[in-house]
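K.L.:
structure here, sequence nowhere to be found:
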């Protein structure tokens, strides 16, 4: 079994090389937008592992993102710990919090798992407001340290992180464990009858998704220098993550990256339309999701085949 198809690498590598060369010819403003888009792409790819393969609809991806972001940010803000330590602690907190949520939530079926994850987001938002003296509350949390103030370095770091995350998540999804996870997502009864531990694989998928979401959330904090409910934990942000993953192509991993970059780029290009820009982007996303179930990545593959 080929974990990373040669054809996929042949397509991805030139794109990554071209993306890496962008700082040589575009403005810092565009690089800043793409930097956020690349972190957003990791959110979407991590979500796709849980939904696309495990079949569990996580309506609260920002719960995991928020745990990693605020966990890392608070340690740096209050205790001035080095950034790597803060990122490690934030990632660990996201995994622990994710497992604490997933273990009981996976015992329910149907839409209840998604509702539980959504409620978790609302609880986290309330906790941030209640403990405002630690979290910064509605105003937001400011960290004293940032990774770097150099635009190009921030861009390359985000690009590299997205690329590495995409490779790791793709390898996991195409590994024997990933195939078992996919079978469990499609029909858990049959998968269990074949002797596979469905619950164990889904919990492992949640832990992996939490790790990447939490780490990406922490990196965003140390890129922007601040964390707030509106930018990281708001339910609207979670909806954008879900749309990006489905728009790019469910059960593809890298499709989530494509969808994330498309959403942010389209939103910026249509900014002159004002409030109408959100409507146009949402309408395009809806059309693609309804009429091209395989998403943008599947549409691109179809055009190449023709």
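P.N.:
In hand now; what should we look at? Since we're looking at a predicted model, the values are computed, not measured. Numbers count the residues shown, from 1 in each chain.
K.L.:
low-confidence ranges in this structure?
P.N.:
Under the criterion pLDDT under 70, the flagged ranges of the chain are 1-11, 110, 298-306.
K.L.:
any chance you could map the helices in it?
P.N.:
Using DSSP state H, the helices of the chain run over 6-20, 28-48, 61-79, 83-105, 112-130, 132-135, 151-174, 176-186, 188-193, 198-224, 235-249, 254-269, 276-291, 295-305.
K.L.:
just how off-centre is the second one within its chain?
P.N.:
To tie it back to what came earlier, the one meant is helix 28-48. Chain-centre distance of helix 28-48: 9 Å, with CA atoms, centre = their mean, to the nearest Å.
K.L.:
need the distance between the two termini of stretch 47-59.
P.N.:
10 Å (CA to CA, to the nearest Å).
K.L.:
ok, now stretch 103-112?
P.N.:
13 Å.
K.L.:
offset the numbering so it begins at 614, please.
P.N.:
Let's use 614 as the start, then, which means that last one is stretch 716-725.
K.L.:
in it, what's buried?
P.N.:
718-719 (16 or more other CB atoms under 10 Å). In this view, the C-beta of every residue, glycine as well, is placed from N, C-alpha and C.
K.L.:
ok, residues contacting that stretch?
P.N.:
Stretch 716-725 has contacts (CB atoms under 8 Å, 6 or more residues apart in numbering) with 669-670, 726, 729-730, 812, 815-816, 819.
K.L.:
between those residues, which sits nearest residue 774?
P.N.:
residue 819 (20.8 Å; CB to CB).
K.L.:
that closest one: how many residues sit nearby?
P.N.:
25 (other CB atoms under 10 Å).
K.L.:
ok, it touching residue 715?
P.N.:
Yes. In this structure, residue 819 is within contact of residue 715 by CB atoms under 8 Å, at 4.0 Å.
K.L.:
picking that back up, and the contacts of stretch 716-725 as a markdown table, adding distance to residue 855?
P.N.:
Formatted as a markdown table, these follow (distance: CB to CB, whole Å):
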| residue | distance to residue 855 |
| --- | --- |
| 669 | 13 |
| 670 | 8 |
| 726 | 14 |
| 729 | 16 |
| 730 | 11 |
| 812 | 24 |
| 815 | 18 |
| 816 | 21 |
| 819 | 16 |
